[in-house]
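Chemist: This is a predicted model, with the sequence first.
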Amino acid sequence: MINLRKKRRLNVVTLAIASGFLTLSFAAVSQNAQIKKGAKPTTTTAAAPAKKKSPTPAPNKKTAKETATASKKAKAAPTPKKNETAKSKLVSAKSSPKSSAKKPSEKTSAKQAAIKAAPKTSGKQAAKTVAVKPKSVTRNTRPNKSSSKPAAKRLKAKTESETIASSTAEQTEVIVSAPSVAVRNKANFNASEVSQVKLGSILKVSEKNPAWYKVQFLDGTKISVGWIAASSVNSFDQSEKTDIYRRIVERNYKPQGTDFSTSAELYEFLTHGVEENVISSADIELKRLLALRDALKAVPPAGSQSAAHQNFLRKHQTSVVCSEPSNQWHARSNLFWDLRKKYASDPLADTIAWEAAQNPLPGECESYVNCHLFYARMTYGEYLNLHPNGARAAEALNNLTNRLQPMAADAVRKSIYSGASQTGERAEFNNLIIELRTIVSRLRFSERERTLLQLKQIAEGFR
């Protein structure tokens, strides 16, 4: 009887333990289902039967196997099978309120968050995660643009870039060797003229053929492109700049003078060359001043001047002077005399002094003797003063004599010319007579006696 009671008591305890493990198993299954659905995990506590204070009997072999199996099931927490789905739904329905239902998008995000947070993953879940991972990597990783191009396209792009770089590196320059050269929109003399470039302009060449160059030029404030005749330009090399400038001067300078456009552009071209010390020499600087003089001869009186004439006069106003009342423009004579002083030891000094003597002075003397004497003194008188034995000394003396002859002839009657009336003017008159007499006295020509006699007659007549 006692043994029977013990056996019943042992069976009750064993049944209670098995019931507890089964309850824990169902709780884990329910929690897993809730995680998958996005609900908060709910902990289910099984109400274990009260135990009496008595020593726990050792379980038999069968009970130990069941316990071990139940323990493994609780740890693994596998996804419930089809026959367990109803039970898990029932437990989930009891533990989760109706308001916890999520929208499809919320369920998906909650499911992803639960998968990341789960410490352990079953074999099926691991396989699913591994299967999804490559998609996300492929979707989020940007491929290299160059690698997406076929090899042929990459090679073509590389070849084109190398060609552009090569053409830029080999881009040559030319210098305009003629005045006011037309730039056209096509390589043809019948093509429309888009602009003009001045003498000495340096242009970059982007394309060329034997007769035409495609060049870049400055059109106002922007760079434009057009075609220019090859005959109007020379190849430009910085190391040969001096020789190139000289060839351009030889091509465009004419001793007999040229039109306004050619003379004006030649003067500006040579001015730039002299200021940059490219062609600073006596002959080049003299041709520069002669080009200025030729350009001013071609400038019409005020009222009939073009915009080009006015711009030129305004730009070089410190080098030009207007002679009134004739309203004629001249180069300032001091430019020639200063140049002669600069190259006093040069063989060309005599030529520079002669050109200075021939350069007109501004103003008109009318009948005033002092003005005529001053004009004679500062032109041919100055040449004879600096070069008494010069190549043009005889000519200079003859020109001086011709200048004094009308005054000497009127020295007695004084019907045409008038002498000095003020004290200062009389002093100036006496000084001019003395200076001219000293200059002429040093000459080796016999014609000097005639000139000295003229000076004596003028001095006595207008004293």
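Modeler: All right, it came through fine. Residues are numbered from 1 along each chain as shown.
Chemist: Residues in a beta bridge with V215, which ones?
Modeler: Per DSSP bridges, the residues bridged to V215 are V205, G226.
Chemist: That one: neighbouring residues, count only.
Modeler: The criterion is other C-beta atoms under 10 Å. On that basis, V215 has 24 neighbouring residues. Bear in mind the C-beta positions are built from the backbone N, C-alpha and C, glycine included.
Chemist: Am I right that it is in contact with E173?
Modeler: No: here V215 does not reach E173: they are 9.1 Å apart, not a contact under C-beta atoms under 8 Å.
Chemist: Can you check which residues contact both of those two?
Modeler: By C-beta atoms under 8 Å, 6 or more residues apart in numbering, V215 and E173 have these common neighbours: 203-205.
Chemist: What separation do you get for R184 and S232?
Modeler: 11 Å (C-beta to C-beta, to the nearest Å).
Chemist: one step back: could I get the shared contacts of V215 and E173 in CSV, plus columns for distance to G419 and neighbour count?
Modeler: Formatted as CSV, those follow (distance: C-beta to C-beta, whole Å; neighbours: other C-beta atoms under 10 Å):
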residue, distance to G419, neighbour count
L203, 62, 23
K204, 66, 17
V205, 68, 18
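Chemist: For G303, give its distance to N327.
Modeler: On the measure of C-beta to C-beta, G303 and N327 end up 9 Å apart.
Chemist: Which of these two has more residues huddled nearby?
Modeler: N327 (11 against 6).
Chemist: Hmm, that one is touching A302, no?
Modeler: Yes: using C-beta under 8 Å, N327 is in contact with A302, at 5.9 Å.
Chemist: list the contacts for the residue nearest to V176 when sequence neighbours are not counted?
Modeler: Distance criterion C-beta to C-beta, 6 or more residues apart in numbering; nearest residue to V176, sequence neighbours excluded, is S201 at 4.5 Å. S201 sits next to 175-176, 217 when contact means C-beta under 8 Å, 6+ apart.
Chemist: Pull up the distance across stretch 343-350, start to finish.
Modeler: 10 Å (C-alpha to C-alpha, to the nearest Å).
Chemist: what are the bridge partners for S235, then?
Modeler: With DSSP bridges as the rule, S235 is bridged to V174.
Chemist: Next, work out how far apart it and L443 are.
Modeler: 52 Å.
Chemist: Pick out whichever of these two has more residues nearby.
Modeler: L443 (19 against 12).
Chemist: on that earlier part again, please produce CSV containing the shared contacts of V215 and E173, extended by distance to P360.
Modeler: Shown next, in CSV, are the shared contacts of V215 and E173 (distance: C-beta to C-beta, whole Å):
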residue, distance to P360
L203, 38
K204, 43
V205, 44
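Chemist: out of these, who's nearest Y368?
Modeler: L203 (54.1 Å; C-beta to C-beta).
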